[in-house]
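Participant: need coordinates for the following:
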Amino acid sequence: MKKILFVALGLSFACNSSQKTISQQIEPVNTSVDPMVYAQSITEAELKEHLYTYASDEFEGRDTGEPGQKLAVEYLKAEYVELGIPAAQSDGNYFQNVPLVISKLPKGSVSINGKEYQNGEGLLTFTTATGSFDNIVYVSYGIEEENYSDYTGIDVKGKIVLIKAGEPMNADGTYKISGSNEASVWSNMSESIGKRMELASSKGAIGVMYFDEGNYGRFKNRFNFMQSKDSGSMGLKDEVQNDFYSFFIDADVANAILPNIKSENTSKNVSTKLVLNIESDSKDVESENVVAVIKGSEKPDEYVIISAHLDHVGVNKEGEIFNGADDDGSGTVGLLEIAEAFKKAADDGNGPKRSIVFLHVTGEEKGLLGSKYYADHDPIFPLSQTVADLNIDMIGRIDPNRTGDRNYIYLIGSDKLSTELHELSEEVNKKYMNIELDYTYNDENDPNRFYYRSDHYNFAKNNIPIIFYFNGTHADYHQPGDTPDKINYDLLENRTRLVFLTAWEIANREARLKVDKATK
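Facilitator: The predicted structure follows:
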């Protein structure tokens, strides 16, 4: 699972803990076929055998683009070939190439009205930025909605824009966007940074200086970490090399550009002599998603995606291997077992009505890059025909901070877009598995923001219903101690079976899941 310290490049930067009442029964599927017959093919023994290989030292922590990750994708391909499950791509290639680039943490300075600010001191950027400007365009909150725009009467083409976090308020203390006491998505840091950057770019701006006093420390921590490790920032090649500049600035720099920025809400041109002199080295990185498919028997052009990320964080400077048995070896081997169960059903003439896509994504630890590439750049199957994504990221351990039955799973996002999906999920569990479904991290106010931190989010933002299956973090999260001997294989078996059974119901119900809570 990706850490949430910041949103790379600024371009891609849950509910309560009790179960909800079922308002209706799930739509029955073919009752002559008992899916538990195939779910029982998912076993502790096979999961353990896979994981002791996949999370072994030989795979060197599966860091994106490194030799260990190449061993991982070859292992996955070999398993699908042996199972007889074909590649998703029409040319028969199991590997979907994901073009990446890694940029070293840039060095240099920015001059504002003659005063020099070194990168990392009052302002932060993670990419090259060069050029001279005579003014900056202040666009207040940088928001545009149907009945509100900070861009009205302002030309930002070819300009650097200055934006502050938050959203406008009415005199009575309500929010202008929602017209109520409820804040909109623009107050959500995880979602709104990318929206602001993309909006500014669409208006013709070539860069953003973003003032978010409350979260500047998060960006600074990420910068300091990368600086101490002499590491680079990885991103999708098409996005990193688009010459769009993004800076995160503190209050001193923001007020040096526009005094009293906190109280100033009127968009306007600001006379500022700005000189950018930030440079970085970069290199291309070759990596790939692994994608296989079982075609549906009745609705082959509708797709249910089951996803897990194949990468981890590699080896540190001291030579310690971060095996990533739970993160996300557990999800990866679970996905292999789910694929085998569906193949057994298909071989018996009980294949799914809808197509099942088995999607192993790369670069999750670098910023959800593999899933972002699939969803935003090169979907192998149309997103408009994608019914749901069931994402598995860390399902082999127990959260030490959790109390109660050990046979549990955290569910995140099941109710965000589709009421039917949430109800189906709970009914499937009640019918077959009786695992405790814990919605603690589904809370909108959860500070961990897990909903935005794994690969399902790149589907959810495209209004595709998702469920994120997760066991919570532990002391070995992103540490060398995340090894296969610490996995609870009985729980891994139960949780994997639950995902399979949920996918079975989604794939075989007559009607496609309804999206009744679509995001903007």
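Participant: please name every helix or strand in contact with the helix or strand where residue 491 lies.
Facilitator: Here residue 491, judged by DSSP states H and E, is contained in helix 489-508. Helices and strands touching helix 489-508, by 3 or more C-beta pairs under 8 Å, 6 or more residues apart in numbering; DSSP states H and E, are helix 36-39, helix 44-54, strand 299-309, helix 331-347, strand 354-361, strand 386-392, helix 419-428, strand 466-470. Just so you know, the C-beta spots here come from the backbone N, C-alpha and C atoms, and that holds for glycine as well.
Participant: list the buried residues in it.
Facilitator: 489, 491-508 (16 or more other C-beta atoms under 10 Å).
Participant: ok, now stretch 397-405?
Facilitator: Buried residues in stretch 397-405, counting neighbours by 16+ other C-beta under 10 Å, are found at 397, 399.
Participant: same question for stretch 143-159.
Facilitator: Result for stretch 143-159 [16+ other C-beta under 10 Å]: buried residues 143, 144, 150, 151, 154, 156, 159.
Participant: can you list the low-confidence ranges for the chain?
Facilitator: 2-31, 240-242, 519-520 (pLDDT under 70).
Participant: for it, just list every one of the helices.
Facilitator: Here the chain has its helices, by DSSP state H, at 36-39, 44-54, 67-83, 189-202, 216-229, 237-240, 251-257, 331-347, 369-372, 419-428, 457-460, 489-508.
Participant: which elements pack onto the second one?
Facilitator: The reference is to helix 44-54. helix 67-83, helix 331-347, helix 489-508.
Participant: make CSV out of the helices and strands packed on helix 489-508 and add mean neighbour count and distance to residue 235.
Facilitator: Listed next are the helices and strands packed on helix 489-508 as CSV, based on neighbours: other C-beta atoms under 10 Å; distance: least, C-beta to C-beta, whole Å:
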stretch, mean neighbour count, distance to residue 235
helix 36-39, 18, 39
helix 44-54, 18, 26
strand 299-309, 24, 16
helix 331-347, 24, 23
strand 354-361, 26, 15
strand 386-392, 27, 21
helix 419-428, 22, 31
strand 466-470, 27, 23
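Participant: could you redo those as CSV and give each row distance to residue 439?
Facilitator: As requested, these are arranged in CSV below (distance: least, C-beta to C-beta, whole Å):
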stretch, distance to residue 439
helix 36-39, 23
helix 44-54, 25
strand 299-309, 21
helix 331-347, 19
strand 354-361, 25
strand 386-392, 16
helix 419-428, 10
strand 466-470, 11
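Participant: these: which one's closest to residue 290?
Facilitator: Closest of the helices and strands packed on helix 489-508 to residue 290 is strand 354-361, at 4.1 Å (criterion: C-beta to C-beta).
Participant: looking at the buried residues of stretch 143-159, which is nearest residue 426?
Facilitator: Out of the buried residues of stretch 143-159, the member with the shortest distance to residue 426 (by C-beta to C-beta) is residue 143, at 36.3 Å.
Participant: quick one: residues contacting the closest residue to residue 470 other than its chain neighbours.
Facilitator: Excluding the flanking residues, the one nearest residue 470 by C-beta to C-beta, 6 or more residues apart in numbering is residue 410, at 4.5 Å. Shown in contact with residue 410 (C-beta atoms under 8 Å, 6 or more residues apart in numbering): 399, 438, 439, 440, 441, 442, 450, 469, 470, 471, 472.
Participant: now, among those residues, which is nearest to residue 117?
Facilitator: For the contacts of residue 410, the nearest to residue 117 is residue 450 (34.3 Å; C-beta to C-beta).
Participant: sorry, back to before: out of the contacts of residue 410, which end up buried?
Facilitator: 399, 438, 439, 440, 441, 442, 450, 469, 470, 471, 472.
Participant: right, and the third one touches residue 408 too?
Facilitator: Going back to what we said before, that points to residue 439. No - applying C-beta atoms under 8 Å, one finds residue 439 not in contact with residue 408, separated by 10.8 Å.
Participant: pretty sure residue 44 is in contact with residue 494, am I right?
Facilitator: No - using C-beta under 8 Å, residue 44 is not in contact with residue 494; the gap is 9.5 Å.
Participant: distance of residue 495 from residue 96?
Facilitator: Residue 495 sits 26 Å away from residue 96, going by C-beta to C-beta, to the nearest Å.
Participant: same check, this time on residue 319
Facilitator: Residue 319 is 32 Å from residue 96, by C-beta to C-beta.
Participant: these two: which is more packed in?
Facilitator: Between residue 319 and residue 96, counting by other C-beta atoms under 10 Å, residue 96 is the more crowded of the two (23 against 6).
Participant: ok, that one - contacts?
Facilitator: 88, 89, 288, 289, 290, 291, 373, 374, 378, 380.
Participant: from residue 325, how far off is residue 484?
Facilitator: Counting by C-beta to C-beta - residue 484 and residue 325 are separated by 4 Å.
Participant: neighbours of residue 91, how many?
Facilitator: Neighbours around residue 91, by other C-beta under 10 Å: 5.
Participant: revised request: answer the last question for residue 1.
Facilitator: 23.
Participant: isn't it up against residue 364?
Facilitator: Yes - between residue 1 and residue 364 there is a contact at 7.4 Å, judged by C-beta under 8 Å.
Participant: shared neighbours of these two, which are they?
Facilitator: By C-beta under 8 Å, 6+ apart, the residues touching both residue 1 and residue 364 are 328, 393, 454.
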